[in-house]
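Q: With the input below, show me the fold.
(one chain, ligands or ions: 1)
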Amino acid sequence: MCGIVGYIGNKKASPILIDGLLKLEYRGYDSAGISTMENGFISNMKDKGRVKNLYEIPGIDDLKGVVGIAHTRWATHGKPAKENSHPHMDNHNIFSVVHNGIIENYQELKEFLVQNGYHFLSQTDTEIIPNLIHYYYVKQDKCHDSLLKAVHLACNDLKGSYAIEVLCKDAPDTLIVARKDSPLVIGVGEDENYVSSDIPAILSYTKNFYLLNDGDFAKLSKHSISFYDVNLAPIEKELKSIEWDVSACEKDGYEDFMLKEIYEQPKSVRETIGSRLKKGEKVNFEDIGFTKETLQHFHKIYLVACGTAMHAGLAIKPMLEKLCHIDVIVDIASEFRYREPLIDDKTLCIYISQSGETADTIAALKLSKMKGAKTIAISNVIGSSITREADYTIYTHAGPEIAVASTKAYTSQITLLALLCLYFAEVLESVPYDVINTIKEELLLLPEKVSEVLKDSEQIKNFANKVYEEKDIFFLGRGTDYTVSQEASLKLKEISYIHSEAYAAGELKHGPIALIENGITVVGILTDPNLVEKSVSNLQEVITRGAKTLIITNQEINQTNYDEVITIPYTNPLISPILSIIPLQLFSYYISKEKGLDVDKPRNLAKSVTVE
Ligand code: F6R
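A: Numbers count the residues shown, from 1 in each chain. You can find the predicted model right below:
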């Protein structure tokens, strides 16, 4: 939800800012803008639409400033329009501000500012921030650090979430940043410093980062960075080195990030397994270090997340229940947080979030901590907000995921959850060792098998090209295959804009079969030997009613019954979603391409949902 970039150094800021915005565009692409410090005044250039539109703004190439801030927007308050684009300036053109987040009390603050003579040009919540800073700035006696103090006082008045960057005409060599519940990192170069909503956007400039915590402020010059806590007391921060390769954030010859990320899955699954699982050894979660007594103390496990991450939770529930003999509830974070979930200190809550910045997931985590539950965060982003809230954090290590539609994060989340489940079962001694061992062996074979699945892309592409003009596509499965249907259906909706539903195959007769008519496309997933016959019967029922069918299976079935059958390698049904989703990720991808859509940046969506 909105991306922000900042630069202070010796180089011309505008190309660096625009380059950063292009990499952050997955966070929102309703409008974009930059402010740079130009010979004693702040230049502010912005427009609605994609970041590339900035190149069309007259004079943008002539900017010479070496200090600047920039923003790409996912609209919340006010429609996508030039006047609602960031940066926003105060009425006196002294401050320029970019903001990611939502100010919940902006109406109240707006009224206060109007009473004090300020006026507003946009419908955004953000525009109150530069004016509020101005209000406090003029109240100061221009003493040393009045700028930082004014920003601090303004932030004290804000309710909601924010990551902000502030430029001030009177302090041309300074950049002030602050964060609360929205991500912000500072990259350190030589005689230059960078600011960004996430690491990949500035990874080509530096691998050294400071991560800001909620309530932190930072004052940057080109040579120095000073950090302050919520009370403006100076604090120290540890500089972290990030090992990601720059090419991990580039398309690397692929047409789209999504395709690249689909093809990265043999590697990402291998990285997730990493050193946690080695042949013949126990699963290693030393970083969690639960004893048998601790695990026996838990009466239930909650898996809480949003979207695809929640689907990863659904996929692993059967395995956790079967191997650990414990009740598992999978919940949508935005529902969980507003119910009164029955959790206490006998509950283990596991939060899954690729970005680690999803507002609902973080709020749900905070709620369960308040109720005394133990919490584990599963995230892909080192140091992300969720990892700072949870009692324990484990990382998927899938590498940066840039495409808005999540692919490799999902398979890595299930892989990591499967490893965690095996670890629990080993500690609990809840099932015979050979049961655990068989799944461990299967997990180690997964990277190879993922590579094999990816070889079938032509077959998938051909089928996708036949059905890309459909209005509705249905997905059916039972057990873990049903959970894959849900993820496949979400992927298709997101990037092809085709209406789609996923049904538990056995549920079909209870209503949804009324939707099946001649020519409709139904995708069946059949990977569980215990359920395959049942699902085959359900598929027969839709074929009889005229459906054309695509089947993803690792079973011996009568292929002549179906229009297209994709055969994938066999693995234990408890972890089969890691393989069976892959042809369906490609299916959505090729449909979207055939329709000529922007695969990486589907309409109305943003990668990181930092507002509720
Ligand atoms: C779908 C997708 C979203 C995210 C969801 C949670 O392709 O990407 O459904 O899975 O917004 O995001 P994270 O995992 O970052 O919390």
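Q: Tell me which residues touch the closest residue to S608 other than its chain neighbours, please.
A: Residue nearest to S608 in three dimensions, not counting chain neighbours: S355, with 4.4 Å by C-beta to C-beta, 6 or more residues apart in numbering. All C-beta spots, glycine's among them, are computed from the backbone N, C-alpha and C. S355 sits next to 183, 379-381, 384, 607-608 when contact means C-beta atoms under 8 Å, 6 or more residues apart in numbering.
Q: In JSON lines, list those along with neighbour count and pLDDT.
A: Compiled in JSON lines, the contacts of S355 are given as follows (neighbours: other C-beta atoms under 10 Å; pLDDT from 0 to 100):
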{"residue": "P183", "neighbour count": "27", "pLDDT": "87"}
{"residue": "S379", "neighbour count": "27", "pLDDT": "95"}
{"residue": "N380", "neighbour count": "26", "pLDDT": "92"}
{"residue": "V381", "neighbour count": "26", "pLDDT": "87"}
{"residue": "S384", "neighbour count": "26", "pLDDT": "86"}
{"residue": "K607", "neighbour count": "25", "pLDDT": "79"}
{"residue": "S608", "neighbour count": "28", "pLDDT": "76"}
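Q: Which two among these are spaced furthest apart?
A: Pairwise distances across the contacts of S355 (C-beta to C-beta) peak at 13.8 Å, for the pair S379 and K607.
Q: Reduced to three states, what does G6 come out as?
A: strand (DSSP: H, G, I helix; E, B strand; the rest coil).
Q: Please name the residues that touch it.
A: 17, 68-70, 165, 175, 177, 194-196, 220 are the contacts of G6 under C-beta under 8 Å, 6+ apart.
Q: Same question for K300.
A: 326-329, 346-348.
Q: which non-adjacent residue is nearest whichever residue of the chain sits closest to the ligand?
A: Using C-beta to the nearest ligand atom, the closest approach of the chain to the ligand is made by G307 at 1.9 Å. Leaving out its chain neighbours, the residue that sits closest to G307 by C-beta to C-beta, 6+ apart is L490, at 6.7 Å.
Q: That neighbour: neighbouring residues, count only.
A: Around L490 there are 21 other residues, counting by other C-beta atoms under 10 Å.
Q: Next: Y468.
A: Neighbours of Y468 (other C-beta under 10 Å): 18.
Q: pLDDT at the residue lying closest to it once chain neighbours are set aside, what is it?
A: Distances taken as C-beta to C-beta, 6+ apart place E594 nearest to Y468, at 4.1 Å, with adjacent residues excluded. As predicted, E594 sits at a pLDDT of 97.
Q: Tell me the residues on the protein that lie near the ligand, please.
A: Residues of the chain lying close to the ligand by C-beta under 6 Å from any ligand atom are 306-309, 353-355, 358, 361, 405-406, 490, 494, 609.
Q: And stretch 243-259, how far out from the chain middle?
A: Computed by C-alpha atoms, centre = their mean, to the nearest Å, the chain-centroid distance of stretch 243-259 equals 17 Å.
Q: cool, stretch 366-384 as well?
A: Remark: stretch 366-384 is offset 16 Å from the chain centroid, using C-alpha atoms, centre = their mean.
Q: circling back to that earlier point, what is the burial count for the residue of the chain closest to the ligand?
A: When neighbours are counted by other C-beta under 10 Å, G307 registers 21.
Q: Kindly report the same for S275.
A: S275, neighbours per other C-beta under 10 Å, totals 7.
Q: okay but it is in contact with N284, surely?
A: Yes - S275 is in contact with N284 according to C-beta atoms under 8 Å; the separation is 6.4 Å.
Q: picking up where we left off before, and the residue nearest to G307, how close does it get to L526?
A: 20 Å (C-beta to C-beta, to the nearest Å).
Q: What of L597?
A: 29 Å.
Q: and those two? which has more neighbours close in?
A: L526 (26 against 15).
Q: Please point out which parts of stretch 254-273 sit buried.
A: 256-266, 268-273 (16 or more other C-beta atoms under 10 Å).
Q: Any stretches of the stretch 1-150 of the chain with poor pLDDT?
A: Judged by pLDDT under 70, the stretch 1-150 of the chain has its weakly predicted residues at 1, 141-144.
Q: what's the answer for the chain, then?
A: Using pLDDT under 70, the chain drops low at 1, 141-144.
Q: domains for it, by residue range?
A: 3-243, 249-450, 457-594 (automatic domain parsing).
Q: could the ones you listed go into TSV alongside distance to K601?
A: Shown next, in TSV, are those (distance: least, C-beta to C-beta, whole Å):
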stretch	distance to K601
domain 3-243	6
domain 249-450	6
domain 457-594	9
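Q: Can you give me the end-to-end span of stretch 228-243?
A: 27 Å (C-alpha to C-alpha, to the nearest Å).
Q: Same question for stretch 122-129.
A: 12 Å.
Q: can you offset everything so residue one is 5?
A: Done: numbering now begins at 5, and the last item shifts to stretch 126-133.
Q: Good, we can wrap up now.
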